[in-house]
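Participant: can you look at this prediction? I've put the sequence above it.
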Amino acid sequence: MRHMSDREHRDYRGGNGTAFVWQSRSEADTARFAERLARLCGPGTVLALDGDLGAGKTRFAQAFASGLGVRDIVSSPTFTIIKEYEDGRLPFYHMDVYRISLEEADELGLEEYFEGNGVSLVEWASLIEPLLPPERLHIRLEVTGPTSRDVVAEPRGERYAAWCRELGMLPV
Amino acid sequence: MTRPYHLLAIETSCDETSAAVVRNGREVLSNIVSSQIDTHRRFGGVVPEIASRKHVESITVILEEAVTKAGISLDDVDAVAVTQGPGLVGALLVGVVAAKSLALALDVPLIGTHHIAGHIYANRLIGEIEYPALALVVSGGHTELVLLEREGKFRIVGRTRDDAVGEAYDKVARALSFPYPGGPHVDRLAQSAEQEIELPRAWLEADSYDFSFSGLKSAVLAEINRWKMKGEEPAYGALAKGFQASVIDVVTTKAMRAAAEFGVRQMLLCGGVAANKGLRSRLSELCAKAGLPLLIPPLSLCSDNAAMIAAAADLKWRRGEFTPLDMQAEPQLSLERWSVAT
């Protein structure tokens, strides 16, 4: 069975391209960042979100959803895997793949969401790396203090790299 | 109506494939759930899970077994009920397609049913519901306080703003290094611990019946972190006990406050987390003190199963409120809008 240690020490930034960082001082700070990011999104945006348990992935997703104009309560999708919200500027697909295997994720047909007209945000995305579309924005929330976080972004594709610069993130 | 009637119900909203036959809305003749099947015999070692393909593989076997075990023939089926939502669209779809095909082939009505209405009406399989009633729905994916002013009329008065109770348990279990799903491990650990680490309660606004468990989860993680930093001996039992105490205190206090405010005549506990011993005993205690009758279904009717779907569908069967065959699976189906029309 899965344990924390299996997944927490994965070196996330070994991939191609540049990584960017944005240092958040508080939960409200992180939330504002997520809202600003949401305003840049268009149809087919895919955000791959990682971070340890309690790093604030769902909180990030809530603020992001609010930035998309979603008014429903955005609660955790850990059990249901996918929650869909249609009341924002764009359809919002909130996913959490923690409790499923790669094979099960594959059978869920996630690509239909990724290739659709909405915005997908996948919590614990690195677990299903092979299923993610080539163009996407990886975000990792790194705990730097009780409420402070480093938001580390690794864009795959020029569109997402441009967003990182527009958001005032610093290359690392 | 003197002739007995039979509802054949199907539930595939999440992990379980289930089919049941219920007579006269209350008598469970069969209730087959995939996880209870001898998987090695039936599925060659493959346990049906969330993926829709697994539901496809098991649905016909489960349906056949439900009808056979009920001792009826398909000609005795008066209506086919199915979970329409909420749930995973791919998983729901399998049940919906099977139900539509059956309804069409047997030329009987179809009843699209709400999953949470099923959890609530599981209580009608074990007792009489007195209205107004308040349902505390606690499961892996849901934590809701639902007011039933009258039969089949649902009003959500409180819901979680982040983790469902079941999710909170599983995440804390994860932090304590239990395998998924770890909720029952935390319950057992909390039951057996003697010491308790006091953890915060999230009451939210004074008049709110909503829940929030993410702060509690953070408090648990902070405590574990503190042990690691200081190299102290981890007191997992005391932490689990403190966590359980906080969850149960908030959930039962809010439920009792809502019961008083809405003047309900009965409390219903339902959903998979109703299996939690700490929750069952605390709520029983509080209801007894308040003189409020409490119904809790047996474990087999608390976790996802099709008999509960038949019990909820019965509300619509008795009112002749059927669902057209062009019905779609609805992952975000609203409970309030699913209320009976009459």
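Facilitator: Sure, I can see it.
Participant: for the residue in the stretch 51-200 of chain B positioned nearest to chain A, what are phi and psi?
Facilitator: Nearest to chain A, among the residues of the stretch 51-200 of chain B, is residue B:179, at 3.2 Å (C-beta to the nearest C-beta). Yep, even glycine has a C-beta here, placed from its N, CA and C like the rest. Backbone dihedrals for residue B:179, given as degrees, to the nearest 10, come out at phi -70, psi 160.
Participant: now do residue A:141
Facilitator: phi -90, psi 120.
Participant: for it, which non-adjacent residue is closest in space?
Facilitator: residue A:51 (3.4 Å; C-beta to C-beta, 6 or more residues apart in numbering or on different chains).
Participant: and the one you found, how many neighbours does it have?
Facilitator: Counted with other C-beta atoms under 10 Å in any protein chain shown, residues neighbouring residue A:51 total 22.
Participant: same question for residue B:231.
Facilitator: 6.
Participant: same thing with residue B:288?
Facilitator: Counted with other C-beta under 10 Å, residue B:288 comes out at 11.
Participant: what pLDDT does it get?
Facilitator: Listed pLDDT for residue B:288 reads 98.
Participant: show me what contacts it?
Facilitator: residue B:294 (C-beta atoms under 8 Å, 6 or more residues apart in numbering or on different chains).
Participant: how about residue B:151, what does it touch?
Facilitator: Counted by C-beta under 8 Å, 6+ apart, residue B:151 has contacts B:129, B:131, B:315, B:340.
Participant: try residue B:246
Facilitator: B:199, B:200, B:201, B:216.
Participant: just checking, what packs against whichever strand or helix holds residue A:66?
Facilitator: In this assignment (DSSP states H and E), residue A:66 forms part of helix A:57-67. Applying 3 or more C-beta pairs under 8 Å, 6 or more residues apart in numbering or on different chains; DSSP states H and E, we find helix A:57-67 packed against helix A:27-40, strand A:46-51, strand A:92-96, strand A:119-123, strand A:136-143.
Participant: and for that helix, what are the contacting residues?
Facilitator: Under C-beta under 8 Å, 6+ apart, the answer for helix A:57-67 is A:27, A:30-39, A:47, A:49-51, A:74-76, A:85, A:88, A:92, A:94, A:121, A:123-124, A:139, A:141, B:162-163, B:214.
Participant: following that helix, which helix or strand shows up next?
Facilitator: By DSSP H and E, the next helix or strand past helix A:57-67 is strand A:82-85.
Participant: does chain B have contacts with that next one?
Facilitator: Yes. If you take C-beta under 8 Å from any C-beta of the partner chain as the test, strand A:82-85 does meet chain B, through A:82, A:83, A:84, A:85.
Participant: follow-up on the earlier one: I'd like the contacts of residue B:246 as JSON lines, with distance to chain A, secondary structure and pLDDT appended.
Facilitator: Output for those, formatted as JSON lines (distance: C-beta to the nearest C-beta, whole Å; DSSP: H, G, I helix; E, B strand; the rest coil; pLDDT from 0 to 100):
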{"residue": "B:199", "distance to chain A": "14", "secondary structure": "coil", "pLDDT": "96"}
{"residue": "B:200", "distance to chain A": "14", "secondary structure": "coil", "pLDDT": "95"}
{"residue": "B:201", "distance to chain A": "18", "secondary structure": "coil", "pLDDT": "96"}
{"residue": "B:216", "distance to chain A": "11", "secondary structure": "helix", "pLDDT": "95"}
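Participant: any chance of a markdown table for the residues you listed, columns neighbour count?
Facilitator: Shown next, in a markdown table, are the contacts of residue B:246 (neighbours: other C-beta atoms under 10 Å in any protein chain shown):
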| residue | neighbour count |
| --- | --- |
| B:199 | 20 |
| B:200 | 12 |
| B:201 | 14 |
| B:216 | 23 |
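Participant: could I get those residues as CSV with distance to residue B:4?
Facilitator: Listed next are the contacts of residue B:246 as CSV, based on distance: C-beta to C-beta, whole Å:
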residue, distance to residue B:4
B:199, 52
B:200, 53
B:201, 49
B:216, 48
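Participant: what is the nearest of the residues of strand A:82-85 next to chain B to residue B:35?
Facilitator: residue A:82 (21.3 Å; C-beta to C-beta).
Participant: show me what the residue most central in space within chain A bridges to in the sheet.
Facilitator: Nearest to the geometric centre of chain A sits residue A:49, at 2.8 Å (C-alpha atoms, centre = their mean). Listed by DSSP bridges, the beta-bridge partners for residue A:49 are residue A:123, residue A:139.
Participant: near chain A, which residues of the stretch 151-300 of chain B show up?
Facilitator: Residues of the stretch 151-300 of chain B lying near chain A (C-beta under 8 Å from any C-beta): B:159-164, B:166-167, B:170-171, B:174-175, B:177, B:179-181, B:214, B:217-218, B:221-222.
Participant: list only those of those residues flagged as buried.
Facilitator: B:159-164, B:166-167, B:170-171, B:174-175, B:180-181, B:214, B:217-218, B:221 (16 or more other C-beta atoms under 10 Å in any protein chain shown).
Participant: out of the residues you listed, which sit inside helices?
Facilitator: B:166, B:167, B:170, B:171, B:174, B:175, B:214, B:217, B:218, B:221 (DSSP state H).
Participant: need the residues you listed in a markdown table with pLDDT, can you?
Facilitator: Formatted as a markdown table, those follow (pLDDT from 0 to 100):
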| residue | pLDDT |
| --- | --- |
| B:166 | 90 |
| B:167 | 90 |
| B:170 | 89 |
| B:171 | 90 |
| B:174 | 89 |
| B:175 | 90 |
| B:214 | 92 |
| B:217 | 93 |
| B:218 | 91 |
| B:221 | 92 |
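Participant: where does pLDDT dip in the chain?
Facilitator: Picking chain A for this. Scanning chain A for pLDDT under 70 picks out the ranges A:1-17.
Participant: wait, I meant chain B there
Facilitator: Using pLDDT under 70, chain B drops low at B:1, B:36-51.
Participant: now for residue 74: which residues touch it?
Facilitator: Defaulting to chain A. So residue A:74 contacts A:58, A:61, A:62, A:65, A:66, A:83, A:85, A:94 (C-beta under 8 Å, 6+ apart).
Participant: try again with chain B
Facilitator: With C-beta under 8 Å, 6+ apart, residue B:74 has these contacts: B:67, B:102, B:106.
Participant: roughly how far apart are the residue in the stretch 201-342 of chain B that chain A sits nearest to and residue A:154?
Facilitator: Residue of the stretch 201-342 of chain B nearest chain A, by C-beta to the nearest C-beta: residue B:221 (4.1 Å). Using C-beta to C-beta, to the nearest Å, we find residue B:221 at a distance of 25 Å from residue A:154.
Participant: how about residue A:119?
Facilitator: For residue A:119, the distance to residue A:154 - C-beta to C-beta - is 18 Å.
Participant: more crowded one of these two?
Facilitator: The neighbour count for residue A:119 versus residue A:154, taken as other C-beta under 10 Å, is higher for residue A:119 (26 against 23).
Participant: which residues touch the residue lying closest to residue B:181 once chain neighbours are set aside?
Facilitator: Excluding its sequence neighbours, the residue lying closest to residue B:181 (C-beta to C-beta, 6+ apart) is residue B:170, at 5.1 Å. Neighbouring residues of residue B:170 by C-beta under 8 Å, 6+ apart: A:78, A:79, A:99, B:140, B:180, B:181, B:182, B:183.
Participant: the residue nearest to residue A:72 when sequence neighbours are not counted - how many residues pack around it?
Facilitator: Nearest residue to residue A:72 in three dimensions, chain neighbours excluded: residue A:85, at 5.5 Å (C-beta to C-beta, 6+ apart). The tally of other residues near residue A:85 (other C-beta under 10 Å) stands at 21.
Participant: who's residue A:85 bridged to?
Facilitator: Beta-bridge partners, per DSSP bridges, of residue A:85: residue A:92.
Participant: just checking, it touches residue A:73?
Facilitator: No. Counting by C-beta atoms under 8 Å, residue A:85 does not reach residue A:73; the two are 9.7 Å apart.
Participant: wait, doesn't residue A:69 sit right on residue A:86?
Facilitator: No. If you go by C-beta under 8 Å, residue A:69 and residue A:86 don't touch, sitting 10.9 Å apart.
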